[in-house]
Every structure is written in structure tokens, then in C-alpha cells.
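Trainee: Predicted structure and sequence below. I'll ask about it afterward.
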Amino acid sequence: MINMKLFSKSDFAAILMILFLSIFALKSLAIPGFYTSHDGVTHTARIAQYYQALKDGQFPPRWAGTLNKDFGSPIFVYIYPLPYFFGSVIHSLGFSFTDSFEILMALTFIFSGIFSFMWFKEVWQNSKAAFVGAIFYTWVPYRFVLIYVRASISESFAYTFAPLVFWSMIRLSKNINPKWVATCALFIGFLLLSQNLVAGMVLPVVLAYSLILAIFQKSIKFIQFTFISYIWAFLISAITYTPALFERHFIRFDESFRSFYVGQFVTLKQLIHSPWGYGFSFGGTDQDGMSFQIGLAHILVVLTVILVLVMILFSKFKNVRLFKKLTPKNLSRIHFSVVIFFLSLYILSVFLMLDTDLTHLFWKIFKPIGMIDRPWRILGITAISTSFLASFVIWNFKSKILVIIMTVAVLIANRNHLRINLPDIYDDDFYTNYTRDSATQLNEFTPKWRPTAQFEYRPRIEVINGDPEILNVYQKSNLVSFNTESANDAQVRINVLYFPGWEVYIDGNELKKDMEYFVPTEISDLIQDPNTLGVFEINIPSGKHRILLKFRETPLRKSANMLSAGSITLALVIAINRFKFRYHDA
């Protein structure tokens, strides 16, 4: 099955094998059309909205013009942009939106394998160990849940960059200089811009991992540079996190996600083995329609590591032949500590997902963890932990046969997870004109001026008072313009959600906020239909006039854009110069 002689001598052979096995994992994505899933349609709709916003001159995109039944949404002010940017790039090459989604999903799987191979190779300096670790990182039940059940392109994207963050941190620990700081900052920044919840789980782990490296290297400088890379990464991601922090009060995000995690815990039985399904998680073992398996092969790896560590701890029995074979002679203290760290991380991750009173108490007391809306998302952290432990097992035993056994075991354990549920068909027009909802689960990006997240289709422009003639209507995702003619003063409603950044002009003169146009906020439902609130109502003088409604960046967002652009440019320049330096050195 595997040419072990070639594999043992060449990283290239290991990467080729990763690519070859990816064909079997991803072949269902090659089925014509699309497939049913939890979030595939909404993520693809976001790609289409992002692409249209770019096409309309929004850079960076902020406003999705047709969401919420054509009322629009500020979703891109707050949400991670990287998956949708790359999806837009792929679509611009001529692929349909659904094909772009599936191509991007396949690429996340493939590069997850390559990047995790790089990380484990850097740790163990052993291609076989790195190969097995990479296979365990990608061929894990939760990864196939992300692809074929949930179709969560953002989480898949984030778990693609996570191994690069670990890899770059190790490289920084060995080469403490600004060039590796820039490289770390780039990859951490990419992780932050891929998915905020995954970044929130992974980055504390990376920081703890880096502190272990620093302690054993007795390097204060490495700790300092690590923190600099984190700060630099947040500057790179300021384009999203600055408005998410300082303009969060403009939307209904916090009230939507308050204590959402309650009822989303799982049982130990579900983690060990739960039937594979394509339904949703409703809380409770009788209602859940999806699987929360850690992976039988992955659990076996954990048990093996525990056995090996016991052998190491009881090395006084080294004269026993079995113990002598199991106990590595060249396991350094730092490697031993890191293995203990990932084993402990695995145990902690399992604890945080379990439906027990103690776990509930921990979540209630430790408030920050509530940002993880579904505890079972932590399965991604168990995947990181067990893949590292799998690479350690191969490094420890140094057995070619074990490489084959573990590879075959993880492939067989996931053989039933490699298919879609049902095929589906959506053309590009469906996504370009996607209006049916907010492309989110809880409508959390609804502006606070809108008292309801329920929307009804309405004309873009409605006459409230007077009898004006509406002419030459033109609109894009970030612009609405039209002419009016009226013998008397009139009032019109523009059915676009009010949100800071929208500006109103009459004949080129900007109206002052809340003085010359009306933004209803707290009016009783008995007085006015709530479906007419939170939009623009403009008083128009008699005569002929040109009305323009245009979305622009607020000063805060402009500053964030410049901060991100400057930070990423500087990091790229320094990182690229570094690689050129290494190339010329060679």
C-alpha cells in the first residue's frame, strides 16, 4: 500500500500520499451540483454577497445588499472575511458559487494535511510521524462533520491555518528575530480572520504551548516576541475586530447568544460512539441528529500514549524487555512536557463538552468560555490534541508496520463519513439575489433600531405622504438613488435598514442624521407596524430632486482598514524578505 522505503526518505512522498488519500475523502464533493447541509447554502450566499459587494466597489465589503428580504445587513462589518474573500476569488475565475464553495472546502482539507505535516515534522524531525499525525488531523469524524454535515467553511478554514500557527511558533523559538515574528503574526492573523470562535479556542492553546517552549529554552526574549506576534496579528485583523469590539452595540448580537450553550452538551457515550447522521443538534441524546464522535482510532491513540507515559514514569523497570522497547531513550524533557500538555488538553476538552453538573458549573462560573456557543465545537481541539499524540506514538515506536496499521485504522474508522446526504441544485442567480433571510442562525447582526428580526418583502421605495413621481431608480449593494417630481412636499420610505455608515443626500447636499430624515426607534407596535421601523423615511421638498443613499465607512472602520492594511503589508514584506534570505543562504 505504501512504499515505506521511499516514504522514509522523502517528505515529498509523504505529501503525495496525503494528497492521494484526500481523493477518497473528497470525492463526494465532485458530484455535480450541490448538497444538503446545515450551513452550506448560507455560507455560499455569503460568498455571493461578498463577491457582489466587491463588484460594487466595497473594499472591504461591509454591507450585504439583498439579505433580510432585500433590507440588507451589516454582516461583513463583524464577520470573519477570509473564507468569503477566497470564495469570491475562486468564483471570479469562472466557477459557479456552489463549485467555488466545494473547491474551497476541498482545499481546506488538503492544506490542513500539508500544514499539519509541516508542524509535526518540525517537532519530531521524522516524516513517518508527521505523516500519521497529518492523517489523524484530517481524517477525524469532526472534520467530516464540518464538510458533509454542517458544511462550515469558516471552521474548516480556521483549522487549516491552526497547524501553521503552531509550526511558525516552533520556528520562532529556534530563530528569535523579527522575520519570524512577522510570519507568526501573519498566520495568527489569518486564523483570526477565518473564524473567531475557533481562534478563541486555538490561540490560548498556542500561547500555552509557546510558554512551555520558552520555559525549557529559558528564553524571556521568545516570550516577548510571542506577545508581539499576537499584538501584531490583532492589528492585522483590526479590519474585523475593531468594529466588532467598538460597534457591537449597534446590533443584537449579545442578546442573541446569551447562554446559548445551555442544552448543547453531550454525553460520554456520544463522544465514544454516536450514529452518523445529517440532522441538527437539538440537545439531548434522543433528539440529536448528528454525530459527536471523537473517533475510535483517535481514542485508541490516547490510550496508547497513556500506556507509553506510564512506562516512562516507571522506567525503573527498564530491565524488563517489554518496558525497554516501549520507553524512548531520546525523549527530551521538552518533548515529554509537550506530550503531557496535549494529553491534558485532550482530557480538559472532553470534560468541557460533557453533560455533567460539574461541567455546567464550570461554564457558569468561567463566563468567557460562553463565547463558544456549542460546547461540542471543542471537538476541533480534541482533533489537534489526538493528531499530535498520534505523531508521538509513531516517533516513539519507530515502526513502519505501525505506520500502516494506524493509517489503515483511521481510514477504516472514517469510511462511512465520506459522503453527502442528498444532492441539491442551486444556480448562481439564487445566490446573487439571495434575499430569504439573514444568512445567520439567530439574526444576530440585525441593527438595534429594528425591533424585530422578521422581514416582509416590500418595494425599495414607498410613498408615505404626498404624491411624488419616482423616476430613474438605480441601486447596488451600497447605493440607492432615484429622482422625484412633486408639486407638494412629500415623504418617502427607503426600505434599507438604518446602520451607521449610510448617508443621505438630496441634490448633493448631505442630510444631518436624525434631523432631516426619520429613523424610527422605540415606537409602540400599536402605533406603527414594526415591519416599517428601523429604515429611512425622508422628507422631500416640492419640485425635482435627486435622492442618494450611499453606504460609506465610519471613521472607526476607516482607521481599522488602514491599520490592517499597514500591518499586513509590513508583515508580508518582512516575511518574504526572510524567505528570500534563507533561499540565498542555501
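Mentor: Received, thanks. All figures in this text were calculated on a predicted structure; none of them were measured in a lab.

Trainee: Can you get me a residue count around the nearest residue to W180 once chain neighbours are set aside?
Mentor: Distances taken as CB to CB, 6 or more residues apart in numbering place L172 nearest to W180, at 4.1 Å, with adjacent residues excluded. From N, CA and C alone the C-beta is placed, and that goes for glycine too. As a burial measure, L172 scores 22 neighbours (other CB atoms under 10 Å).

Trainee: Apart from its neighbours in sequence, what residue is nearest V305?
Mentor: For V305, the spatially nearest residue (CB to CB, 6+ apart) is L389, at 4.7 Å.

Trainee: From M406, how far out is that neighbour?
Mentor: Going from L389 to M406 by CB to CB, to the nearest Å gives 11 Å.

Trainee: just W363 next, same as before
Mentor: 34 Å.

Trainee: which residues sit against the helix or strand that contains E462?
Mentor: Under the criterion of DSSP states H and E, E462 resides in strand 461-465. Applying CB atoms under 8 Å, 6 or more residues apart in numbering, the external contacts of strand 461-465 come out as I470, V473, V480, F482, D489, A490, Q491, V492, R493, I494, N495, E537.

Trainee: shouldn't the second one be in contact with T484?
Mentor: No. With the criterion set as CB atoms under 8 Å, V473 and T484 do not qualify as a contacting pair; they are 10.5 Å apart.

Trainee: Surely the residue nearest to W180 is in contact with V181?
Mentor: Yes. Counting by CB under 8 Å, V181 is a contact partner of L172 at 6.5 Å.

Trainee: what touches both of the two?
Mentor: In contact with both L172 and V181: F225, S229, using CB under 8 Å, 6+ apart.

Trainee: Any regions of the stretch 201-350 of the chain where pLDDT drops low?
Mentor: Scanning the stretch 201-350 of the chain for pLDDT under 70 picks out 255-259, 283-286, 315-330.

Trainee: sorry, back to before: shared neighbours of L389 and M406, which are they?
Mentor: Shared contacts of L389 and M406, counting by CB under 8 Å, 6+ apart, come down to V301.

Trainee: For the stretch 101-250 of the chain, which segments count as helices?
Mentor: 127-138, 141-144, 153-174, 178-192, 196-217, 220-236, 238-246 (DSSP state H, counting those that start in this stretch).

Trainee: I'd like to know which of those lies nearest to H91.
Mentor: helix 153-174 (13.2 Å; CB to CB).

Trainee: tilt between that closest one and helix 127-138?
Mentor: 150 degrees (axes from the mean of the first three to the mean of the last three CA atoms, to 10 degrees).

Trainee: for this protein, where's the lowest mean pLDDT among helices and strands?
Mentor: helix 4-9 (a mean of 43; mean pLDDT, DSSP states H and E).

Trainee: for the closest residue to P141 other than its chain neighbours, what are its contacts?
Mentor: Distance criterion CB to CB, 6+ apart; nearest residue to P141, sequence neighbours excluded, is Q293 at 4.2 Å. Residues in contact with Q293 (CB under 8 Å, 6+ apart) are P141, Y142, Q270, L271, I272, H273, S274, W276.

Trainee: Among those residues, which lie within helices?
Mentor: Secondary structure assignment by DSSP state H places P141, Y142, Q270, L271, I272 of those in helices.

Trainee: Just give me the closest of those residues to H43.
Mentor: Y142 (17.3 Å).

Trainee: Hmm, the closest one is touching G380, no?
Mentor: Yes. At 6.1 Å, Y142 counts as touching G380 under the criterion of CB under 8 Å.

Trainee: So among the contacts of strand 461-465, which ones count as buried?
Mentor: Buried subset of these (neighbour count, 16 or more other CB atoms under 10 Å): I470, V480, F482, A490, Q491, V492, R493, I494, N495, E537.

Trainee: helix, strand or coil for the last one?
Mentor: Of the three states, E537 takes strand according to DSSP: H, G, I helix; E, B strand; the rest coil.

Trainee: Could you measure from it over to I464?
Mentor: Taken as CB to CB, the span from E537 to I464 is 6 Å.

Trainee: domain parsing for this structure?
Mentor: With domains defined by automatic domain parsing, the chain comprises 4-282+298-432, 461-552.

Trainee: right, and out of the buried ones among the contacts of strand 461-465, which lies closest to L164?
Mentor: The shortest approach to L164 among the buried ones among the contacts of strand 461-465 belongs to V480, at 42.1 Å (CB to CB).

Trainee: Surely that closest one is in a strand?
Mentor: Yes. Secondary structure of V480 (three-state DSSP): part of a strand.

Trainee: out of the ones in helices among the contacts of Q293, who's nearest L303?
Mentor: I272 (11.8 Å).

Trainee: How about the contacts made by that closest one?
Mentor: Per CB under 8 Å, 6+ apart, neighbours of I272: Q293, I294, L296, I299.

Trainee: what's the closest of the residues you listed to T226?
Mentor: Scanning these for proximity to T226, where the rule is CB to CB, the winner is I294, at 29.6 Å.

Trainee: Perfect, I'm done here.
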